[in-house]
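>>> Provided below for reference: sequence and predicted model.
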Amino acid sequence: MWSGKVSTKSNHSKVLSRADGHIYELEAHVVKPECTEDYLKEAAVHLTRVSGSKEFPVELIGSWTTVIGSPQNQTIHLWRYSGYKDANTAILALRNDKIWKEYTKSRDKMILTSSNQIILPFTFWDIGVSPTKTPKGLFEIRSYALRPGTLIEWGQQWEKGIKYRKDEAIGGWFSQIGIMHQVHHMWAYKDLHERHETRQSNWQLPGWDECVQKTVPLIRHMETRVMLPAPYSPLQ
């Protein structure tokens, strides 16, 4: 946990995330509609083969498909590495793995676009050691493009605000490589009705309105996606 006292010589990653902590990769594919079933079948085989193996020091946290939001037919994969050394090792090993190369060659024929980011978890909002099934089942990623220079203030406010949302909070991250000045928050709900009721009831909690009031001016753009986990996703 960080105190909120920030040195002018400190960068965002040192202030907001553990120096010896995990790093994550957020990977997104927009799949051709007619290829969705085959894409998920192949992903189930190859992503689970790689995850947690000795040869590839990377863990698949979850895979989800977008049901509400843009773009449609999008599948998101969240990977976790123990650090940058493991990330580098895994990336190089996969590039030289014959089975993985054949898989990506087949996969790339089924997707329209591909993107990824390296993201770091906030110290106060990281996924647990072993992702498991939740009693929820409906996931939401809310992505925020922040004004440059406001990320630390965002973290300060959300360190206080997250205590009002602990029941549905899954994880919070900020971008490190890829699109910059971006933050992702992940939530889980039983269904859309619970999401609506939860978000409405939060306004009755003293202090939640202050978090919203102080963070909204920091946002340049935001989007939200409601997603369902793939059958093979560790986090359900």
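Looks like it arrived, so ask away.
>>> ok now the lengthiest helix in the chain, how far from the chain's centre?
Criterion DSSP state H: the longest helix present in the chain is helix 36-50. Distance, stretch centre to chain centre, for helix 36-50: 19 Å (C-alpha atoms, centre = their mean, to the nearest Å).
>>> Residues touching it, excluding its own?
29, 31, 56, 58, 60, 63, 65, 73, 75, 77, 94, 99-100, 103, 106-107, 110-111, 230-232 (C-beta atoms under 8 Å, 6 or more residues apart in numbering). Where C-beta positions appear, they are placed from N, C-alpha and C, glycine not excepted.
>>> And stretch 165-175, by the same measure?
With C-beta under 8 Å, 6+ apart, stretch 165-175 has contacts from 12, 16-17, 24, 26, 117-122, 124-127, 134, 136, 139, 151, 154-155, 158, 162, 181-189, 198, 202, 235.
>>> Among those residues, which are located in strands?
The strands, defined by DSSP state E, take in 24, 26, 117-121, 139, 182-189 from the contacts of stretch 165-175.
>>> of these, buried ones?
24, 26, 117-121, 139, 182-189 (16 or more other C-beta atoms under 10 Å).
>>> name the helices or strands packed onto the least confident helix or strand in the chain by mean pLDDT?
The helix or strand of the chain with the poorest confidence is helix 12-16; it has a mean of 77 (mean pLDDT, DSSP states H and E). Using 3 or more C-beta pairs under 8 Å, 6 or more residues apart in numbering; DSSP states H and E, the elements in contact with helix 12-16 are helix 151-161, strand 169-177.
>>> chain center to it: distance?
In terms of C-alpha atoms, centre = their mean, the centre of helix 12-16 is found 18 Å from the chain centre.
>>> and that helix, C-alpha only, in PDB?
Output of helix 12-16 as PDB, limited to C-alpha atoms (Å, rounded to 0.1, in the frame of the first residue of the first chain):
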ATOM      1  CA  HIS A  12       4.000   6.300 -12.200                       C
ATOM      2  CA  SER A  13       5.000   2.600 -12.100                       C
ATOM      3  CA  LYS A  14       7.100   3.000  -8.900                       C
ATOM      4  CA  VAL A  15       4.400   5.000  -7.200                       C
ATOM      5  CA  LEU A  16       1.300   3.000  -8.200                       C
END
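>>> Give me the distance between stretch 29-41 and the centre of its chain.
On the basis of C-alpha atoms, centre = their mean, stretch 29-41 sits 20 Å off its chain's mean C-alpha point.
>>> Now that stretch: buried residues?
For stretch 29-41, using 16+ other C-beta under 10 Å, the buried residues are 29-31, 35, 39-40.
>>> Please convert those residues to TSV, extending it with distance to Met222 and pLDDT.
Compiled in TSV, these are given as follows (distance: C-beta to C-beta, whole Å; pLDDT from 0 to 100):
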residue	distance to Met222	pLDDT
His29	22	98
Val30	20	98
Val31	24	98
Cys35	30	98
Tyr39	28	98
Leu40	28	98
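>>> which residues sit in contact with the closest residue in space to Gly172 that isn't next to it in sequence?
Nearest residue to Gly172 in three dimensions, chain neighbours excluded: Trp125, at 3.7 Å (C-beta to C-beta, 6 or more residues apart in numbering). Trp125 sits next to 158, 162, 169, 171-172 when contact means C-beta under 8 Å, 6+ apart.
>>> Thanks again, I'm all set now.
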